[in-house]
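A.B. asks: Compute the structure for the input listed below.
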Amino acid sequence: MGRTEIAKELFAQKCHCSQAVLAALADAVGISQETALRLGSCFGGGMRKGEVCGACTGALIALGLKYGMHTVGDFENQQTADKYAKRFMTEFATQNGSYLCRELLKVNLANEEERQYARELGLFTTVCPKVIDSAVLLAEAYIEEKQ
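C.D. replies: Okay, here's the model as predicted:
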């Protein structure tokens, strides 16, 4: 099973999008799936406020684990991570129209009534799997670039 399928399976099992993406990439960045699920716990639904899409956040955590600062003062790796983050966000927005959850779903998830409306419209089963795919594929490609 590929990483996009793993992520969509986890999402279908009620993991947040952030958890699903990070857990699907866990082996590539040297963490366990359990650690990935914990790290991604608070980022779904744009941090529950419709802000940056949780799928993006999960991918960015993975990119940070791969390329980020390893020790205080490790600015070379931090700059590398920053470049990947900027590139990821730009490409994700190009592919999906935005990187903000509220713009992707066209509802304000900070509002319980709108969250319920999103459920009724099936947005979590139609929109979210597409952005999860996009996030996993982009992050996976960037992770493999320097291997």
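A.B. asks: Show me the shaky parts of the protein.
C.D. replies: Within the chain, the ranges that satisfy pLDDT under 70 run 146-147.
A.B. asks: can you pull out the helices in it?
C.D. replies: 3-12, 17-29, 33-39, 44-45, 54-67, 75-96, 101-105, 112-121, 123-126, 128-145 (DSSP state H).
A.B. asks: Tell me which residue lies nearest the centroid of this structure.
C.D. replies: Ala55 (2.3 Å; C-alpha atoms, centre = their mean).
A.B. asks: residues contacting that one?
C.D. replies: 17-18, 20-21, 128, 131-132, 134-136 (C-beta atoms under 8 Å, 6 or more residues apart in numbering). C-beta: built from backbone N, CA, C; applies to glycine.
A.B. asks: Kindly report the same for Thr90.
C.D. replies: Going by C-beta under 8 Å, 6+ apart, the list of residues near Thr90 is empty.
A.B. asks: and the residue lying farthest from the centre of the chain, backbone torsions?
C.D. replies: The outermost residue of the chain relative to its centre, with distances by C-alpha atoms, centre = their mean, is Gly73 at 26.8 Å. Main-chain torsions, Gly73, degrees, to the nearest 10: phi 90, psi 0.
A.B. asks: And it, how close does it get to Ile61?
C.D. replies: Separation of Gly73 from Ile61 (C-beta to C-beta, to the nearest Å): 22 Å.
A.B. asks: Let's see if you can find the most crowded of the contacts of Ala55.
C.D. replies: Val21 (39 neighbours; other C-beta atoms under 10 Å).
A.B. asks: Before I go, just wanted to say thanks for your time.
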